[in-house]
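S.K.: Here's a sequence, model it:
(one chain, ligands or ions: 4)
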Amino acid sequence: AKESGRNAYRFYRQEMQQQVTERATLEKALHSAISNDEFYLVYQPQVNEHGQLIGFEALIRWFNEELGLVSPNRFIPVTEEIGLIYDVGNWVLENVCQQLKAWQDIGLPPTFKGVAINISPYQFAKESFVESVCEVIGRTQVDSSLLDLEITEGMLVENIASVAEKMWRLKEHNIRFSIDDFGTGYSSLRYLQHFPITQLKVDQSFVRDLTSDPQSHVIINTIVSMATHMNLSVLAEGVEHQVEKDILENMGCAKYQGYFFSKPVKADTATQYLSGDITF
Ligand code: C2E
Ligand code: CA
Ligand code: CA
Ligand code: CA
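M.R.: Ligands and ions are numbered 1, 2, ... in the order given. Predicted coordinates:
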């Protein structure tokens, strides 16, 4: 027993050591990812009940020679911990605005309302956030009403006054705000009214369980009716099957995003989606 205990400990120590090394490799690689041009964006279509393109969500991708393709779920938290999220966040903003300006110049379909960008709470909390957004808009000449900033529920319960003030300043430029992963975080319902929110994004975990778990059905129903009463738009994420789209549509949710319509695609395919008369 003693021997196996020792072996278990040794194994544990090796595991720990390996994790520390991996993390160090990741951090080191992240520090040069921007200058090495290792990030790129993919765009996932957002569609209405008729399958028409109403927007894209921009999602970051990181390809590193040594590490391969690393998921943002893995590296974004690290950039937040080591303070690199400001540079990464600005990189995303800059690149979305440049791309959007190019699309704007080609001409956008009438149903298309713009591009959603994920904003880290750390990025939003930075004193200079509003100025840096305005600077990019001014420089790229992008139509700022085409920007939809995705923030999380958790952000709305801390520093309410300063968060609200920043959001209202951005709203003066007709920038829109969506709450991402709605229903999974703090119940910030009580505070929603303080913020210029335009849309709730129903988290994909509820959609995934929609056909199997009656509780998810109830939760989505509640979110949709609440959104309707508060004059908010509601979009369901992670729609993978026709049946989910149909149930959601019956509930009054008429905006969707998910593999059923399209996976996130590179900019050139997104451009084709915009210029072709495609229904999803
Ligand atoms: P999120 O904002 O909730 O993004 C939705 C995630 O669901 C994306 O994963 C997307 O590829 C995936 N997805 C879309 N449709 C489906 C579907 O039908 N089924 C399933 N199973 N998944 C679907 P991704 O791109 O790996 O991003 C993961 C998370 O990383 C994002 O979650 C977001 O929190 C974060 N993230 C991604 N890009 C950025 C960024 O530019 N900035 C920041 N701060 N965070 C980002
Ligand atoms: Ca998102
Ligand atoms: Ca989400
Ligand atoms: Ca998420």
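
S.K.: what's the spacing between the residue minimising distance to the centre of the chain and residue 96?
M.R.: The residue lying closest to the centre of the chain (C-alpha atoms, centre = their mean) is residue 118, at 3.8 Å. Distance of residue 118 to residue 96, computed by C-beta to C-beta, to the nearest Å: 10 Å. Where C-beta positions appear, they are placed from N, C-alpha and C, glycine not excepted.

S.K.: contacting residues around the longest strand seen in the chain?
M.R.: Counting residues, the longest strand in the chain under DSSP state E turns out to be strand 53-64. With C-beta atoms under 8 Å, 6 or more residues apart in numbering as the contact definition, strand 53-64 has outside contacts at 29, 33, 38-48, 69-70, 72, 75-76, 88, 92, 96, 109, 111-118, 148, 150, 255, 257, 264, 270, 273-274, 278, 280.

S.K.: how close does residue 206 sit to residue 135?
M.R.: From residue 206 to residue 135 the distance is 37 Å (C-beta to C-beta).

S.K.: The longest strand of the chain pairs with which strands, and in what direction?
M.R.: strand 39-48 (antiparallel), strand 68-70 (antiparallel), strand 115-118 (parallel) (DSSP bridges).

S.K.: any idea which of these is most buried?
M.R.: Mean neighbour count (mean count of other C-beta atoms under 10 Å) peaks for strand 115-118 among the strands paired with strand 53-64, with a mean of 23.

S.K.: need the next SSE after that one, C-terminal direction.
M.R.: helix 121-125 (DSSP states H and E).

S.K.: Check which residues of that next one are buried.
M.R.: Along helix 121-125, these residues count as buried under the neighbour rule (16 or more other C-beta atoms under 10 Å): 122, 123, 124.

S.K.: Report the separation between the last one and ligand 1.
M.R.: With the distance defined as C-beta to the nearest ligand atom, to the nearest Å, residue 124 ends up 10 Å from ligand 1.
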